[in-house]
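Visitor: just a sequence and a predicted model for now, questions to come.
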Amino acid sequence: MSAPIAQPEPATQPGPAAQRLPTLLSSCALATTAAEARYRITAPAFARRSSRVIALDRQSRGIVRDMGGRSWGGGHFLVFESALPDDALLRHAGTGGTALLSEELDGADTVVMVASAGANAEAASIIGDAAAARGIMSAGLVLPDGAGVNKVVAALRPNAMVLVVLRDVADVPEVLSALRV
Amino acid sequence: MLKQEINDLLTQTGPGTPMGDMFRQYWIPALLAEELPENDCPPVRVKLLSERLIAFRDSDGRYGLMDEFCAHRGVSLWFGRNEESGLRCSYHGWKYDVNGQCVEIPSEPDERHSSLCSKIKLKSYPMVKIGDVLWTYMGDPATTPDLPQWEFARVPAEQSFTSKRWQECNWLQALEGGIDSSHVSWLHSDGLKNDPLFKGAKGNKYNLADMKPFFEVVESEGGLFIGVRRNAEEGHYYWRITPWVMPSFTMIPPRGDHPIHGHFWIPIDDENCWVFTYDYHPVRPLSESEVQHMKDGHGVHNEFVPGTYRPLQNKDNDYLMDRAAQKRGDTYSGIKGISMQDASLQESMGPIVDRAKERLVSTDSGIIMARRKLWRAVEALRDEGVTPPGVDVRHQEVRSAAIVLPKDQSFIEGCAEVLRVRPGEKHASV
């Protein structure tokens, strides 16, 4: 029978004893090396994201339509059309078909509102409230628009957990890509 | 999520790399001034942006930063003699001035001496002392920018304190921790209650009462402003606004009348970086107790392995993980101190984190935008020679802020004045 492997005292206090601890297989010193990174599990740890990207006004509608024509993961690209009692009418940017907000939010995990100067606070409020009621993370991307930005930000602020004010429209797809929309 | 080639673009800073070229557009912190405390003091080895360098202070008080190795046989000049206005190699006595110019080859006959010397020059970079820091510019001398204007380095000496520590991971994942405002409520929750450099501020109550903050990210000329808002009194939000200035400067929003603090992350090589950490007060000297707390590792500073800039808590001792303290709730992660709470987790990602595998959420928008700005600037410099944001000293004249605003007021609108340096005026803090 082999002798048990000696284990060091846990390093809970600073001092010379802690400095002398050997490097063990489980210690941070080894675990953080580039060599150990090879053994990180590569199996996907998350299901496909299901995002809804919704344009709130005319200018953002064009951008969302443009993005909707590209290849994305599980994202739906939509345009806000009108408010309905306890709901809203949306239009798919690609196909042009209509959908109810409530239907689109079923199964969604992220809602990204895209807005510019023409964005109306009512649309943001309806979408933001509906997302909050379902526990869905909501974010707002505000397009570059000079003097009108503050008004848009104020309209979106109560309804989006995160707001990003952009200086370049070209950043919109990059931000969505980073979020794996 | 970031494609591997973009991850490589942003994380590699050696000579000839696009991001390396971008870092070489700026004056960057190279050393603490305390490392070269007097004329003819011992030279210091320093690696920056994957270049091995030697720093010294000559007999006339001039600072030199140059190739670490003697042009003759490749010996390290760290073994050299710093004397009579130059650094002399211990092997055969070759001597260099602060510009890397060889000024003496004792073994050569006099008649050949001067012509040979004039042809030997080590690569060198300018180094200047501003505040507690020695700054260097490693780019093209023809485009040397104006000297840095960061307020922490420009206030009177008694109003500022700077430390530095070695962090064992790539600079970008360390920087990203500095603009990731969403982790503060969790990882650093103990600091607001207990740390002598944070506690007592009214703003802490807002922090602790509202654990689900909202975020706003706004681009600035030099980088970003990242605003985090929490509920305050009726009709008002409590805002904490962090500026990030490219490439790697951040300033944490203040608390009460405590000094303001922040960091500079400077690549040593692609798998290590220096974290320069400053604390300053714009209008008053730091008190003796504040400075002592900083030296003792409180606030955003840390304790060191004696005689080094390596943190006392490091990966070789598992950062002195204290599971009992974690269980009691004294600390959230079991690691003591804000800086080491951050460093332990950032180093655990590995030397260079694989960003193709990450799963960002919308509260990571500050990180997403920072990467995007870096990427854009690197490409603009590489492809069109555009000077990147943050080189212009006006971009450096920023402050963080903590402020209560009416709910309908944009922080950019409400804080336009207080987010700029106003010499002699106090910072906006709650």
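Guide: Sure, I can see it. Numbers count the residues shown, from 1 in each chain, chains lettered A, B, ... in the order given.

Visitor: so where's the longest helix in the chain?
Guide: This is for chain A. helix A:121-133 (DSSP state H).

Visitor: hmm, I had chain B in mind actually
Guide: Looking across chain B with DSSP H, the single longest helix is helix B:365-384.

Visitor: quick check: next helix or strand after it?
Guide: Where DSSP states H and E defines the elements, the next helix or strand beyond helix B:365-384 is strand B:401-406.

Visitor: just checking, what packs against whichever helix or strand comes after that following strand?
Guide: Once strand B:401-406 ends, the next helix or strand along the chain (criterion: DSSP H and E) is helix B:411-414. On a contact count with 3 or more CB pairs under 8 Å, 6 or more residues apart in numbering or on different chains; DSSP states H and E, helix B:411-414 meets strand B:214-219, strand B:223-231, strand B:236-245, strand B:401-406. Yep, even glycine has a C-beta here, placed from its N, CA and C like the rest.

Visitor: count of residues packed around residue B:40?
Guide: The local packing of residue B:40 (other CB atoms under 10 Å in any protein chain shown) involves 19 other residues.

Visitor: C-terminal to the helix or strand bottoming out on mean pLDDT in chain A, what's the next element?
Guide: Every helix and strand in chain A was compared by mean pLDDT, DSSP states H and E; the lowest is helix A:16-19, with a mean of 48. As assigned by DSSP H and E, the chain's next helix or strand after helix A:16-19 is helix A:28-31.

Visitor: for the stretch 1-150 of chain B, what spans make up the helices?
Guide: Listed in chain order, the helices of the stretch 1-150 of chain B (DSSP state H, counting those that start in this stretch) span B:4-11, B:18-23, B:110-118.

Visitor: so which of these is nearest chain A?
Guide: helix B:4-11 (9.8 Å; CB to the nearest CB).

Visitor: what does the stretch 151-300 of chain B put close to chain A?
Guide: Those residues of the stretch 151-300 of chain B that sit near chain A, judged by CB under 8 Å from any CB of the partner chain, are B:168, B:169, B:214, B:215, B:216, B:217, B:218, B:219, B:271.

Visitor: any of those residues buried? List them.
Guide: B:168, B:169, B:214, B:215, B:216, B:217, B:218, B:219, B:271 (16 or more other CB atoms under 10 Å in any protein chain shown).

Visitor: wait, the first one touches residue B:316, no?
Guide: So that's residue B:168. No. Contact criterion CB atoms under 8 Å: residue B:168 and residue B:316 do not qualify, at 9.8 Å.

Visitor: how about the host helix or strand of residue A:163 and chain B, any contact?
Guide: With secondary structure defined by DSSP H and E, residue A:163 is part of strand A:162-165. Yes. Legend: contact between strand A:162-165 and chain B by CB under 8 Å from any CB is shown at A:162, A:163, A:164, A:165.

Visitor: partner strands of that strand and their direction?
Guide: strand A:137-142 (parallel), strand B:214-219 (parallel) (DSSP bridges).

Visitor: those strands: which one's closest to residue B:128?
Guide: Closest to residue B:128 of the strands paired with strand A:162-165 is strand B:214-219 (CB to CB; 30.3 Å).

Visitor: now do the closest one against helix B:365-384, angle only.
Guide: With axes from the mean of the first three to the mean of the last three CA atoms, to 10 degrees defining the directions, strand B:214-219 sits at 10 degrees from helix B:365-384.

Visitor: what comes into contact with strand B:214-219?
Guide: Applying CB atoms under 8 Å, 6 or more residues apart in numbering or on different chains, the contact partners of strand B:214-219 are A:153, A:157, A:160-167, B:181-182, B:224-230, B:363, B:365-366, B:369, B:373, B:411-412.

Visitor: what do you get if the cut-off is 6 Å, keeping everything else the same?
Guide: For strand B:214-219, contacts defined as CB atoms under 6 Å, 6 or more residues apart in numbering or on different chains pick out A:161-165, A:167, B:225-229, B:363, B:365-366, B:369, B:412.

Visitor: just name the closest of those residues to residue B:353, please.
Guide: residue B:366 (16.6 Å).

Visitor: what's the burial count for that closest one?
Guide: 26.

Visitor: pLDDT score for it?
Guide: Residue B:366 carries a pLDDT value of 91.

Visitor: relative to residue B:300, how far out is the residue in the stretch 201-350 of chain B that chain A sits nearest to?
Guide: Closest residue of the stretch 201-350 of chain B to chain A, CB to the nearest CB: residue B:315 (4.0 Å). From residue B:315 across to residue B:300, the span is 19 Å (CB to CB, to the nearest Å).

Visitor: who's more crowded, these two?
Guide: Ranked by neighbour count (other CB under 10 Å), residue B:315 and residue B:300 place residue B:300 first, with 25 against 21.

Visitor: picking up where we left off before, put the buried members of the contacts of strand B:214-219 into a PyMOL selection.
Guide: In PyMOL syntax, the buried subset of these is picked out as below (16+ other CB under 10 Å):
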select buried, (chain A and resi 161+162+163+164+165+167) or (chain B and resi 225+226+227+228+229+363+365+366+369+412)
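
Visitor: just the closest of the contacts of strand B:214-219 to residue B:296, please.
Guide: Using CB to CB, residue B:228 comes nearest to residue B:296 of the contacts of strand B:214-219, at 28.3 Å.

Visitor: bridge partners for that closest one, pull those for me.
Guide: Beta-bridge pairing of residue B:228 under DSSP bridges involves residue B:215, residue B:240.

Visitor: so what secondary structure elements neighbour the lengthiest strand in chain A?
Guide: Longest among the strand segments of chain A by residue count, using DSSP state E, is strand A:76-84. Counting by 3 or more CB pairs under 6 Å, 6 or more residues apart in numbering or on different chains; DSSP states H and E, the packing neighbours recorded for strand A:76-84 are strand A:51-55, helix A:58-68, strand A:87-92.

Visitor: of these, which stretch is the most buried?
Guide: Among the helices and strands packed on strand A:76-84, the stretch with the highest mean neighbour count (mean count of other CB atoms under 10 Å in any protein chain shown) is strand A:51-55, at a mean of 28.

Visitor: great, nothing more from me.
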